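Student: Could you look at this predicted model? Sequence included:
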Amino acid sequence: MPIYEYICEKCGSVFEELESVTNRDKPHECPGCGEKKGRRIVSTFSAKSGGPTFTGGSCGRRGFS
């Protein structure tokens, strides 16, 4: 199961949940205030970093630019 990030629409707390894909968009309970107002947000980990880009390769060869 993937880990998703949520933000509470009531208190603004950001928290993570180990959640199935089918339940990822349902409101989640905030560990800070207890309200079920957590909505999924885009994780900073998945954002494009501008770092090296994989350009392909085969048989164990790697090319980065």
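Tutor: Right, received. Where do you want to start?
Student: In the chain, mark out all the strands, start to finish.
Tutor: Ranges of strands in the chain, per DSSP state E, are 3-8, 14-18, 38-41.
Student: Pick the most deeply packed of these.
Tutor: Comparing those by mean neighbour count (mean count of other CB atoms under 10 Å), strand 3-8 ranks first with a mean of 18. Where you see a C-beta, it was placed from the backbone N, CA and C, and this is true even at glycine.
Student: Could you export that one as CSV, CA atoms only?
Tutor: The C-alpha trace of strand 3-8 is given here as CSV (Å, rounded to 0.1, in the frame of the first residue of the first chain):
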residue,chain,number,x,y,z
ILE,A,3,1.7,6.3,1.7
TYR,A,4,-0.3,9.5,0.9
GLU,A,5,-0.1,13.0,2.4
TYR,A,6,-3.1,14.8,3.7
ILE,A,7,-3.9,18.2,5.0
CYS,A,8,-6.6,19.0,7.5
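Student: List of residues touching it?
Tutor: Applying CB atoms under 8 Å, 6 or more residues apart in numbering, the contact partners of strand 3-8 are 13-19, 24, 28, 30, 32-33, 35, 37-44.
Student: Cool, thanks, talk later.
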